[in-house]
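Q: Quick one: sequence plus predicted model below, questions after.
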Amino acid sequence: DLANGDTTYFIPIVGHLKAGTTDTTARNTQVAALMNRLNSINVADNYILCGDFNIYTSEEPCYRQLLNYSNPLVRFYDPINKPGAWNNNYNFANYHTQSTHNTTDSCFSSGGLDDRFDFILTSANVLNGYDNVKAIPSTYHAVGQDGNRYNQSIISPTNNSVPSAVANAMYHMSDHLPLVMDFQMFCPSCILGVGDLVKNGLALSLQN
């Protein structure tokens, strides 16, 4: 259905902000560079921002800048809407993504899972499905995070949320858990197949 304009565009943006508890200014400067760039484009679009932000609380200037930017066309939203002091806080155990290790290792951070460092944020377009791409917040999760990992590793205590081979692979691969969220792609004018691509919506999975 190309002649009828079925093509849908979305713009993934990947960021890795400065690490460190005292580096809030550096992180805010990095985010300002991104937001100024988007502001210069000044178009409401299907933006998806994901990566390791290294932030400890929703009160950090860089996070507030992303969610409260003066230009609403390029402002970002947290699909699960979980503000708070995430670091070392049991109440956010389901959302912690770092660290997969609770013992000292030359290649990995230790301390167990007690930080929400990793994020998938979206523009209003994507959050609300204004332009043929819609986030499905209920699918947002960190692979291997079962809520029983607080200050523990991904493999101990026993993790039943993923096969043991997967848990072990993540343990040896990284000190962060991968994030996943599904998106629905709409094509109202298309002649579809395969169960009408889930009733006119093609479900995609984005991993950070």
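A: Looks like it came in fine. Numbers count the residues shown, from 1 in each chain.
Q: The residue nearest to residue 96 when sequence neighbours are not counted: neighbouring residues, count only.
A: Excluding its sequence neighbours, the residue lying closest to residue 96 (Cβ to Cβ, 6 or more residues apart in numbering) is residue 113, at 4.3 Å. The C-beta positions use only the backbone N, C-alpha and C, and glycine is treated the same way. Residues lying near residue 113 (other Cβ atoms under 10 Å) number 28.
Q: same thing with residue 99?
A: Using other Cβ under 10 Å, residue 99 has 24 other residues around it.
Q: ok, now residue 166?
A: Counted with other Cβ under 10 Å, the neighbours of residue 166 add up to 14.
Q: ditto for residue 36
A: 12.
Q: so the residue nearest to residue 96 makes contact with residue 147?
A: No. Counting by Cβ atoms under 8 Å, residue 113 stays clear of residue 147, with 9.9 Å between them.
Q: Show me what the residue nearest to residue 96 is bridged to.
A: residue 150 (DSSP bridges).
Q: Also residue 180?
A: Residues in beta-bridge contact with residue 180 (DSSP bridges): residue 141, residue 207.
Q: how close does it get to residue 19?
A: Distance from residue 180 to residue 19, counting by Cβ to Cβ, to the nearest Å: 23 Å.
Q: what do you get for residue 97?
A: In terms of Cβ to Cβ, residue 97 sits 14 Å off from residue 19.
Q: More neighbours: these two, which one.
A: Set residue 97 next to residue 19 and count neighbours by other Cβ under 10 Å: residue 97 wins out with 25 against 14.
Q: show me what contacts that one?
A: 113, 115-118, 142, 145, 176-177, 179 (Cβ atoms under 8 Å, 6 or more residues apart in numbering).
Q: How about residue 90?
A: residue 150.
Q: From residue 185, how far off is it?
A: Residue 90 is 37 Å from residue 185, by Cβ to Cβ.
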